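Peer 1: the sequence and its predicted three-dimensional model are supplied below.
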Amino acid sequence: MYIRKKYRMRDMIRWTRREIRFFIVFALIVAILHDLFGLTWLQLPWTPIAMIGTAVAFLVGFQSNAAYGRIWEARKIWGGIVNDSRSFAIMLM
């Protein structure tokens, strides 16, 4: 049986605190370099970011559908096993 364990936000932050600190410091450095020192080569165009986001959305959608298909097939097989075992138990009685 699949039981989903729920984690609190505090636990998630505690587990990823190094990465959070790294990305905050990195973002601050880039923002300071861009705003205070005028380094405009740090700018990114929106078109590639939007294309990558769209591709990732399609990829996640297809993987989600494939996972759902596997789960549904497993449920059908498990239902068949349960029905067959019930039938077998009835025949033994």
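Peer 2: Ah, there it is. Keep in mind it's a predicted model, so treat the numbers as computed, not measured.
Peer 1: what sits against residue 82?
Peer 2: Not one residue lies near residue 82 by Cβ atoms under 8 Å, 6 or more residues apart in numbering. All C-beta atoms are positioned from the backbone trio N, CA, C, and that covers glycine.
Peer 1: in three-state terms, label it for me.
Peer 2: helix (DSSP: H, G, I helix; E, B strand; the rest coil).
Peer 1: next one, pLDDT for it please.
Peer 2: As predicted, residue 82 sits at a pLDDT of 95.
Peer 1: distance of it from residue 68?
Peer 2: From residue 82 over to residue 68 the distance is 21 Å, taken as Cβ to Cβ, to the nearest Å.
Peer 1: which strand or helix spans the most centrally placed residue in the chain?
Peer 2: Centroid-nearest residue in the chain, with Cα atoms, centre = their mean: residue 60, separated by 7.9 Å. Applying DSSP states H and E as the criterion places residue 60 in helix 46-92.
Peer 1: can you list contacts of the helix or strand hosting residue 24?
Peer 2: If you go by DSSP H and E, residue 24 is part of helix 17-37. Identification of contacts with helix 17-37 by Cβ under 8 Å, 6+ apart yields 13, 39-40, 42-43.
Peer 1: keep only those of these that are in helices.
Peer 2: Counting by DSSP state H, those place residue 13 in helices.
Peer 1: for the contacts of helix 17-37, which one is nearest residue 86?
Peer 2: Among these, residue 13 lies closest to residue 86 (Cβ to Cβ), at 48.0 Å.
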